[in-house]
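**Q** Mind folding the following:
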Amino acid sequence: MTNHKFAGAGTIFIKDGKVLTVFRNNTLKNNNRHGLIGGRCEANETVKAAAIREAFEEVGVILKPEDLHLVHTIHSKEKNEEVLGFYFVAENWEGEPFNKDTSKHACIEWFPLDKLPEDLIPRNRQAIECWKKGIAYSEYGWE
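**A** So this is what the prediction gives:
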């Protein structure tokens, strides 16, 4: 049975055919793995607003709502959490991404879309692969 349900936002930053990731460390979940920029929605926050906030907090870039294009929704279940995750693609933003949250991330890295890191968070990998195939919705962890 799941105890915690929440919505989350993930952004697939694309530049020159590469996707931006953060390498997570000192985190309770998905430690020592690459992940997309994003996180949970806070109280009274829309999914787009969460994506914009997380992008600034994690990699120091400024996104506008019109920079975000919804490409995939994933309903995942892991341990005692049920997440409705909304994934956006961004190809435009202000500023140069850098590792702004050094307390949670060791570094940021760009990877070719066809050579994603082996240690990419599985639901992030699934969202990217579905987006590349034009699949709008998927589920993870419900087996």
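**Q** Might you list the low-confidence residue ranges for this structure?
**A** Filtered on pLDDT under 70, the chain yields the residue ranges 1-2.
**Q** Show me the helices in this structure, by range?
**A** Assigned by DSSP state H, the helices in the chain fall at 47-59, 122-133.
**Q** Comparing those, which stretch has the densest surroundings?
**A** helix 47-59 (a mean of 21; mean count of other Cβ atoms under 10 Å). Just so you know, the C-beta spots here come from the backbone N, C-alpha and C atoms, and that holds for glycine as well.
**Q** Can you name every helix or strand that that helix contacts?
**A** Counting contacts by 3 or more Cβ pairs under 8 Å, 6 or more residues apart in numbering; DSSP states H and E, helix 47-59 packs against strand 4-15, strand 18-24, strand 37-40, strand 81-90.
**Q** for it, the distance to its chain's centre please.
**A** Here helix 47-59 is found 10 Å from its chain centre; the criterion is Cα atoms, centre = their mean, to the nearest Å.
**Q** so that helix versus strand 18-24, what angle?
**A** Between helix 47-59 and strand 18-24, the angle comes out at 70 degrees (axes from the mean of the first three to the mean of the last three Cα atoms, to 10 degrees).
**Q** between helix 47-59 and strand 4-15, what angle do the directions make?
**A** 60 degrees.
**Q** pull the CA atoms of stretch 58-73 into PDB?
**A** The C-alpha coordinates for stretch 58-73 follow below in PDB (Å, rounded to 0.1, in the frame of the first residue of the first chain):
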ATOM      1  CA  GLU A  58      19.500  22.800  -9.300                       C
ATOM      2  CA  VAL A  59      21.200  24.300 -12.300                       C
ATOM      3  CA  GLY A  60      20.700  28.000 -12.000                       C
ATOM      4  CA  VAL A  61      18.800  28.600 -15.300                       C
ATOM      5  CA  ILE A  62      15.700  30.700 -15.800                       C
ATOM      6  CA  LEU A  63      12.800  29.000 -17.600                       C
ATOM      7  CA  LYS A  64       9.600  30.700 -18.700                       C
ATOM      8  CA  PRO A  65       6.400  28.700 -19.000                       C
ATOM      9  CA  GLU A  66       6.500  28.900 -22.800                       C
ATOM     10  CA  ASP A  67       9.900  27.200 -22.700                       C
ATOM     11  CA  LEU A  68       8.400  24.000 -21.300                       C
ATOM     12  CA  HIS A  69       6.700  21.500 -23.600                       C
ATOM     13  CA  LEU A  70       4.900  18.600 -21.900                       C
ATOM     14  CA  VAL A  71       6.100  15.400 -23.600                       C
ATOM     15  CA  HIS A  72       5.400  12.500 -21.200                       C
ATOM     16  CA  THR A  73       3.400  11.600 -18.100                       C
END
